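Undergrad: Following is a predicted model, sequence given first.
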Amino acid sequence: MFERHKEKKAAEAYAHDVADWQEQHDDLEHLIDLAEHYRGGPSDGLVLQPGESLVATIDGVSLVESRSQGGHWAGGSQGISVPIGPLRYRVGATRGHYMRGEPTPTAIDTGTAFVTDRRVVYRGQGQTRECRFDKLLGFECQHGSATLSVANRQRPVTLAYGERLDGWVRFRLQLAVALFQGQVPKLVAQLQAELEELERRRPTAPNAT
């Protein structure tokens, strides 16, 4: 009875691992197909430059910047106490300075981000940002946001879209930059290497007893 229970648990764990592996395998094959064949298209929400193609549109994006939250005065006062009749009055001056609060990432606007084969454009309710790939120093995607550093801006541009879209947005940015740089074959080769590594790690069926 105990051995039969162990076999059942092992079979269930194997089935779960295979399903998870197959999902990753299918996702990578889909990304390879996109990288090999997708070259963007027209846009209804952004005026494209001649020859420019839209790679992705992301709605509900927050523009995030560091903002100081509150503050306080630091310092003290000095002076002398002067008697006037039965009362005493203090005469002096306050010395000190205002301490700003620590800067924290803050969503300052909400809108739509457009990823093309030449740039990333954010268009919100009150703010706009453009990150051109010919000025791009690098980008990083993590925890549901993308941060792009460009040479013509003092501060990086951070766009938050939620962790559910992490992989989706990361690949579209990688593809867009690869299209701009003419390095799509290199991106395809990287994805194929990941697929080959995944295939080597295919779950092994438990041994029958």
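TA: Arrived safely, thanks for sending.
Undergrad: For this protein, just list every one of the helices.
TA: 2-37, 166-181, 184-200 (DSSP state H).
Undergrad: Give me the contact list for the second one.
TA: With contact meaning C-beta atoms under 8 Å, 6 or more residues apart in numbering, helix 166-181 is reached by 27, 31, 34-35, 38-40, 53, 55-56, 58, 115-118, 120, 133-134, 136, 139, 141-144, 146, 161, 183-184, 186-187. In this view, the C-beta of every residue, glycine as well, is placed from N, C-alpha and C.
Undergrad: again, but for the last one
TA: Helix 184-200 is contacted by residues Trp21, Gln24, His25, Leu28, Glu29, Leu31, Ile32, Ala35, Glu36, Gln174, Leu175, Ala178 when judged by C-beta under 8 Å, 6+ apart.
Undergrad: what about the second one, neighbour count?
TA: Think Gln24. 13 (other C-beta atoms under 10 Å).
Undergrad: cool, the last one as well?
TA: The local packing count at Ala178 equals 18, with neighbours defined by other C-beta under 10 Å.
Undergrad: measure it to Thr104 for me?
TA: Here Ala178 is placed at a distance of 34 Å from Thr104 (C-beta to C-beta, to the nearest Å).
Undergrad: do the same with the fifth one
TA: Separation of Glu29 from Thr104 (C-beta to C-beta): 41 Å.
Undergrad: more neighbours, those two?
TA: Glu29 (13 against 9).
Undergrad: quick one: contacts for that one?
TA: Leu195.
Undergrad: so what's it scoring on pLDDT?
TA: With respect to pLDDT, Glu29 scores 97.
Undergrad: What separation do you get for it and Glu196?
TA: Distance from Glu29 to Glu196, by C-beta to C-beta: 12 Å.
Undergrad: which one is Thr106 nearest to, not counting chain neighbours?
TA: Nearest non-adjacent residue to Thr106, counting by C-beta to C-beta, 6 or more residues apart in numbering: Arg67, 4.1 Å away.
Undergrad: re earlier: TSV for the contacts of helix 184-200, including distance to Arg4?
TA: Listed next are these as TSV, based on distance: C-beta to C-beta, whole Å:
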residue	distance to Arg4
Trp21	26
Gln24	31
His25	31
Leu28	37
Glu29	37
Leu31	41
Ile32	42
Ala35	47
Glu36	48
Gln174	48
Leu175	50
Ala178	52
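Undergrad: Could you give me the ChimeraX syntax to select whichever of those residues are buried?
TA: To isolate the buried ones among the contacts of helix 184-200 in ChimeraX, judged by 16 or more other C-beta atoms under 10 Å, type:
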select :28,31,32,35,174,175,178
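Undergrad: how about low-confidence regions in this protein?
TA: 1-2, 68-101, 103, 208-209 (pLDDT under 70).
Undergrad: from the helices of the chain, which stretch is densest packed?
TA: helix 166-181 (a mean of 18; mean count of other C-beta atoms under 10 Å).
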